[in-house]
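In: I'll drop the sequence and a predicted model, then ask my questions.
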Amino acid sequence: MGSIFSLQQILNGLQLGSIYALIALGYTLVYGIVRLINFAHGDFFMIGAYAAYGSFYMFNALVAGRSGTLAFLVLLAAMIGGASIAYLTNKFAYKPLRYKPKLSSLITAIGVSMFIEYFFSALPAIGPSYRSFPDILVRKEIRLGNAVISNLVIIDLAVAAILMVGLTLLVRKTTLGKAMRAVSQDKDAARLMGIDIEKVISFTFMVGGAFAGAAGLLAGMTYPRIFPYMGILPGLKAFIAAVLGGIGNIPGAMLGAYIMGIAETFASAYNSLIGEGIAFAILILVLLIRPRGLLAEKIADKI
Amino acid sequence: MNVRKLPRFLIAVVLFYIVVEVLYRTEILNGYLLHIINLSLIYVILATSLNLINGITGQFSLGHMGFAGVGAYVSGSLTTLILKLSVTNPASMLPFLLSIIAGGVVAAFVGFLIGFPSLRLKGDYLAIVTLGFGEIIRTIFNNIDAVGGPRGLLGIPKFSNFTVILVAAFLTVVIIRNLIESSHGRAMLSIRENELAAELVCVNTTRYKVMASTFGAFFAGIAGGLLAHLIQLAHPTQFGFIKSVEVLIMIYAGGVGSLTGSILAAFGLTFLSEGLRLGIRALADATGLPIGGEWRMVVYALLLIFIMLFRNEGLMGMRESRIIKNVEVD
């Protein structure tokens, strides 16, 4: 590999960035609508990974061999897993506090995050230890100059791209997307226009959760190891990516996530300690220099 | 209007000291219970100092244990690695106390530096920055081999005893109380209530935010140093995010802005935590089921959620017990 800035590293960075982007979109969607940093979002990602893990062994018996159908079913399971936990969290923890001070929701979010993590590691069926994630697809590799491109890189990038295009279309072209934008701009006015705010919020949480779930599957396939606390750090880094891009801003979250993924890959290749800390360094710099993020609100439409 | 000053709190603490000492000497109180009381007192320092930042000044901080970590590692390295103090030598007590204070001072300096980003940030952003700071501190400890790296700093002499910890907790509460009751404290409260209005009545918000952060960090550093010399270990995981949340639960359970609440919650939750630890182990032994220690944290997390959902103001709300109050206007 040699140089830090090789093609290989850029690919690794894009791959990591795709996973961060899917998580960061959930943060940004939820923040855009309810102005809440959903601390438990990283745990939705973890739930997605476990849903994928469980469903793989379930469907493996039904669908023989490691095929595309199986991968698709597992992706669906991961997204449903993420969406369900997001729906439940919103319904039981955040909805009752909707009109209370903002800090209450934030602290509840921390509580929910802790609850999900420890509950999962306390369950004897799951447990606190690491599990290795099965190879859902047969790994293939293509050589391109010095770089080795595995089919996982292509799958990660493609899944992220398809979901992101889908989300953009959803927000821009559908009635529901219009309702989401309306609620994010002015809740009271949206309600006066006959929009069922709670339904829109609930839907937004589920979309965010489904994306995090998909990211969980991709992360499980790419870095084949899952454990109940796996959501904490990616969750934080994806959040930082969302802040970097301008929180509440969909293209911003994607941009921030790819910058983050590449920066982290380069920094880790240079020195692992810097790799661990670069996310927080970026956060502090962004907040000090440009707290509203790279894409300020007026450039791109905000949800 | 009549302003009275009574040393009620001093009397209460002295009584508490006598009762605990008598019970311990007569062996009604065993060493384990005394250890939990010591831990509770250390949590009193942590909770009241976090309350100064979160509750009084309204600056949401999630990295409080990071400051405690600075205090623990600084004082621990001073006593263990540099001065090589030994518990058997009575002349070691003074250098030990100075090391603890040094730990507090370094933590205060870090708190002073961290205070600056908080000038531009509010609410959830500040929470993330302080969380990030806590994680950075933990990563740094994890990577310095001189202080043990991921193994932690081992073999710290056990200097912290009930007397030292109680005096430190007493002084912390008194200093923070006096600060809150002074004009500085009123300025801090005004920032929490409405920062813009505070600025308009010429409160120097910058100065008071940094002041709260510095003071809070100083006491957290002291608590960290005492903790390291009580359990004879400073380990990166002791000062992580989850530990900061434990202290946060204390101030929210006790009531944000109430020192009385923080003190009661520090005792209540430390005992609850130990009780759960024993209870879960007993339950696992009795039933033979694989019930892990993680359930303790599940209970903690649910406690935090339920406090927020059903009793937002905590045990005491913003009220203060008459024992704690110094100035009483009647």
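Out: Nice, thanks for sending it over.
In: flag every buried residue along the biggest helix by length in chain A.
Out: The single longest helix within chain A, with elements called by DSSP state H, is helix A:7-34. Neighbour counts over helix A:7-34 (16 or more other CB atoms under 10 Å in any protein chain shown) mark A:8-9, A:11-34 as buried. C-beta: built from backbone N, CA, C; applies to glycine.
In: which helices and strands does it pack with?
Out: The contact analysis (3 or more CB pairs under 8 Å, 6 or more residues apart in numbering or on different chains; DSSP states H and E) places helix A:7-34 against helix A:41-62, strand A:147-150, helix A:151-173, helix A:175-185, helix A:197-222, helix A:232-245, helix A:250-270.
In: make JSON lines out of these and add distance to B:L62.
Out: JSON lines is the format used below for those (distance: least, CB to CB, whole Å):
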{"stretch": "helix A:41-62", "distance to B:L62": "15"}
{"stretch": "strand A:147-150", "distance to B:L62": "38"}
{"stretch": "helix A:151-173", "distance to B:L62": "30"}
{"stretch": "helix A:175-185", "distance to B:L62": "26"}
{"stretch": "helix A:197-222", "distance to B:L62": "21"}
{"stretch": "helix A:232-245", "distance to B:L62": "11"}
{"stretch": "helix A:250-270", "distance to B:L62": "21"}
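In: and of the ones you listed, who's closest to chain B?
Out: helix A:232-245 (6.8 Å; CB to the nearest CB).
In: that closest one vs chain B: in contact?
Out: Yes. Applying CB under 8 Å from any CB of the partner chain, one finds helix A:232-245 touching chain B at A:232, A:236, A:239-240, A:243.
In: want to throw those residues into JSON lines with neighbour count?
Out: Shown next, in JSON lines, are the residues of helix A:232-245 next to chain B (neighbours: other CB atoms under 10 Å in any protein chain shown):
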{"residue": "A:I232", "neighbour count": "20"}
{"residue": "A:L236", "neighbour count": "22"}
{"residue": "A:F239", "neighbour count": "30"}
{"residue": "A:I240", "neighbour count": "28"}
{"residue": "A:V243", "neighbour count": "29"}
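In: of these, which pair is most distant in space?
Out: Within those, A:I232 and A:V243 form the most distant pair, 16.9 Å apart (CB to CB).
In: ok so, going back, please identify which of the helices and strands packed on helix A:7-34 is closest to B:L131.
Out: So among these, helix A:232-245 is nearest, using CB to CB, at 7.4 Å.
In: specify the angle between that closest one and helix A:7-34 in degrees.
Out: 80 degrees (axes from the mean of the first three to the mean of the last three CA atoms, to 10 degrees).
In: returning to what we had before: any idea how far the longest helix of chain A is from the chain center?
Out: 6 Å (CA atoms, centre = their mean, to the nearest Å).
In: do the same with stretch B:137-157
Out: Relative to the centre of its chain, stretch B:137-157 is centred 21 Å away, using CA atoms, centre = their mean.
In: show me how far stretch B:14-31 is from its chain's centre.
Out: 23 Å.
In: so which bits of that stretch are buried?
Out: So, applying 16+ other CB under 10 Å, buried residues of stretch B:14-31: B:20, B:24, B:29.
In: ok, B:I36 to chain A distance?
Out: Using CB to the nearest CB, to the nearest Å, B:I36 is found at 22 Å from chain A.
In: contacting residues around that residue?
Out: B:I36 makes contact with B:270-271, B:274 under the criterion CB atoms under 8 Å, 6 or more residues apart in numbering or on different chains.
In: mean pLDDT for the helices and strands packed on helix A:7-34: which is lowest?
Out: Per-stretch mean pLDDT for those is lowest at strand A:147-150 (a mean of 81).
In: so what strands line up beside it?
Out: Its sheet considered, strand A:147-150 pairs with strand A:141-144 (antiparallel) by DSSP bridges.
In: ok, residues contacting the partner strand?
Out: By CB under 8 Å, 6+ apart, strand A:141-144 touches A:7, A:148-151.
In: could you pull out the helices for the stretch 1-150 of chain B?
Out: B:8-25, B:31-50, B:64-76, B:93-115, B:117-120, B:123-143 (DSSP state H, counting those that start in this stretch).
In: tabulate those (CSV), appending distance to A:R98.
Out: Formatted as CSV, the helices of the stretch 1-150 of chain B follow (distance: least, CB to CB, whole Å):
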stretch, distance to A:R98
helix B:8-25, 40
helix B:31-50, 27
helix B:64-76, 28
helix B:93-115, 31
helix B:117-120, 27
helix B:123-143, 16
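In: pick the most buried one from these.
Out: Across these, the average number of neighbours (mean count of other CB atoms under 10 Å in any protein chain shown) peaks for helix B:64-76, which reaches a mean of 31.
In: how about the CA coordinates for that one, as CSV?
Out: The C-alpha trace of helix B:64-76 is given here as CSV (Å, rounded to 0.1, in the frame of the first residue of the first chain):
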residue,chain,number,x,y,z
HIS,B,64,-17.3,15.4,34.2
MET,B,65,-15.5,12.2,34.9
GLY,B,66,-12.8,13.3,32.5
PHE,B,67,-11.8,16.0,35.0
ALA,B,68,-11.9,13.3,37.7
GLY,B,69,-9.6,11.3,35.5
VAL,B,70,-7.1,14.1,35.2
GLY,B,71,-7.1,14.5,39.0
ALA,B,72,-6.7,10.8,39.6
TYR,B,73,-3.9,10.3,37.1
VAL,B,74,-2.0,13.5,38.2
SER,B,75,-2.2,12.8,41.9
GLY,B,76,-1.7,9.1,41.4
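In: can you give me how far that helix is from the chain middle?
Out: When distances are taken as CA atoms, centre = their mean, helix B:64-76 is centred 11 Å away from the chain's centroid.
In: dump the residue contacts of B:V13.
Out: B:166, B:170.
In: and the one 4 residues further on, by the same measure?
Out: The contact partners of B:Y17, taken as CB under 8 Å, 6+ apart, are B:162-163, B:166.
In: of those residues, select the buried ones using a ChimeraX command.
Out: One line in ChimeraX is enough to select the buried ones among the contacts of B:Y17; burial here means 16+ other CB under 10 Å:
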select /B:162,166
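In: among the contacts of B:Y17, which ones lie close to chain A?
Out: Among the contacts of B:Y17, no residue is within reach of chain A (CB under 8 Å from any CB).
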